[in-house]
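In: With the sequence up front, the predicted model follows.
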Amino acid sequence: MSRCVFVGIDWAYRSHAVCVIDRSGSELKSLQVSHDQAGLSELLRFLRSFGKALPVAIERPSGLLIDLLVEAGHQVFAIHPNAVKASRPRYRSSNAKSDASDAFMLADLLRTDGHRWQPLQPQSAHIRGLRALVRTRDDLVGSRIRLANQLTALLDSYWPGATVIFAAVDSPIGLAFIERWPAPRKLSARQIDAFCKRQGYSGKRPAAVLLQRLEAAAVSPCEPALAQAHAVAALALVAVLKPLLVQIKALERQIEAAMQQLPQAASIMSLPRAGCICAAQILAELGDVPQRFPTPERLAAEAGVVPVTYESGKSRSVAFRWACNHRLRRAITCLADNSRLTSPWAASVYHAARKRGCDHPHAVRILARAWSRVIWRIWTDGSTYNPALHTSAMIQNIEEG
């Protein structure tokens, strides 16, 4: 039979501090384990000596250690780092900090305030796989954007025309153009037309128009030797960007295949202008455990699409919500921004917010908050989006927007 104990784990990259306390808050035993097979096995054996299904507090909501604890049957409570930081003055007057003391504090917070948190629910293997694919793809897209900005800044310093001849400098044809002509030179419409045919260009812009874009750009007074050095640097960036684009496309194909294995995918993809990738980004963060968000308000707060209110006496202020799932916020606001282009209701919520003086990001968050209620409903009951079935919710969202 399990003893009434509480466990706190201070996670670190190479090792973890573990502390076990009893119901009175007295420390029973502490341990330091390494983040490897031997250390994690030792941790599980250590916890088994106190019983099964132990309540465990930790600051991380996901990762290998979390998966091992959940699969071992323990109740894992993810406590936000802000809550941990704000609780430190309860235990010491100085700003001193150690892994062992943080592990004790986590265990004691779980003992005194455990009713405030919900234990993590194990997600299915399909959801965890989708999350790995989506997050990796998002990180690679971020790398692509940074490299493309770096390449644009470099080209602007010695050949600005190469950045404007095509729609995007990091498009396959844009990179091929830089690879073919990395240094400034005089080109003819015939040369550009032949290049576009070899690349299978489908931009529907004749070579004469592309040449006009190239020639209308500013001319850099860069010396030939300096231009050659810049060209070498540009080719290096192109060499990194090209395989990066290939891997992003490969991940997107894997994401599309993974979405076909999830029953909840049809619900999220039924939203206006959701698309497979955006729907996958939302579903990867929502998961497939409806108990995780018992109310739509909880989902909206987790997604960071509702502000934080500070109120004391006659003073009241509303501030941006920084503490949230940033990936989920990006996904839902992306959906909201796209939906206003085809959904009359979404467009009306957005434009009403703009008329009240909200800037674009704020108006999109207001629309995302409205969509979060609809997302919560179709995610929890497994239905697909149908405007006729959500009329009452839409009217409420418009009045509150």
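Out: Structure received.

In: Rounded mean pLDDT for stretch 78-96, please.
Out: Average pLDDT, stretch 78-96: 84.

In: A227: helix or strand, and which one exactly?
Out: In this structure, A227 is located in helix 224-259 according to DSSP states H and E.

In: typed the wrong thing, it's V56
Out: strand 55-58.

In: Check which helices and strands that strand sits against.
Out: Applying 3 or more Cβ pairs under 8 Å, 6 or more residues apart in numbering; DSSP states H and E, we find strand 55-58 packed against strand 5-10, helix 64-71, strand 75-78, helix 99-113. C-beta: built from backbone N, CA, C; applies to glycine.

In: helices or strands up against the helix or strand containing D156?
Out: Under the criterion of DSSP H and E, D156 resides in helix 125-158. Judged by 3+ Cβ pairs under 8 Å, 6+ apart, the packing partners of helix 125-158 are helix 161-164, helix 224-259, helix 275-286.

In: same question for it, mean pLDDT?
Out: The average pLDDT within helix 125-158 is 96.

In: ok so, going back, ok, then the element right after the helix holding A227?
Out: Next element after helix 224-259 (DSSP H and E): helix 265-269.

In: Poorly predicted segments of the protein, please.
Out: Residue ranges of the chain with pLDDT under 70: 1-3, 390-401.

In: Now for V238: which residues touch it?
Out: By Cβ atoms under 8 Å, 6 or more residues apart in numbering, the contact set of V238 is L151, L175, I178, E179, P182.

In: Put together CSV for the helices and strands packed on strand 55-58, with mean neighbour count and distance to L335 on each row.
Out: Shown next, in CSV, are the helices and strands packed on strand 55-58 (neighbours: other Cβ atoms under 10 Å; distance: least, Cβ to Cβ, whole Å):
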stretch, mean neighbour count, distance to L335
strand 5-10, 26, 35
helix 64-71, 16, 27
strand 75-78, 20, 25
helix 99-113, 21, 34
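
In: right, so of the ones you listed, which gets closest to S202?
Out: helix 64-71 (44.4 Å; Cβ to Cβ).

In: which residues are contacting the closest one?
Out: 9, 11, 16, 35, 40, 44, 56, 58, 60, 76, 78, 120, 122, 128.

In: Next, G73: phi, psi?
Out: Main-chain dihedrals, G73, degrees, to the nearest 10: phi 100, psi 10.

In: Please look at it and P55 and confirm they touch.
Out: No. Counting by Cβ atoms under 8 Å, G73 stays clear of P55, with 11.6 Å between them.

In: between those two, who's got more neighbours?
Out: P55 (20 against 11; other Cβ atoms under 10 Å).
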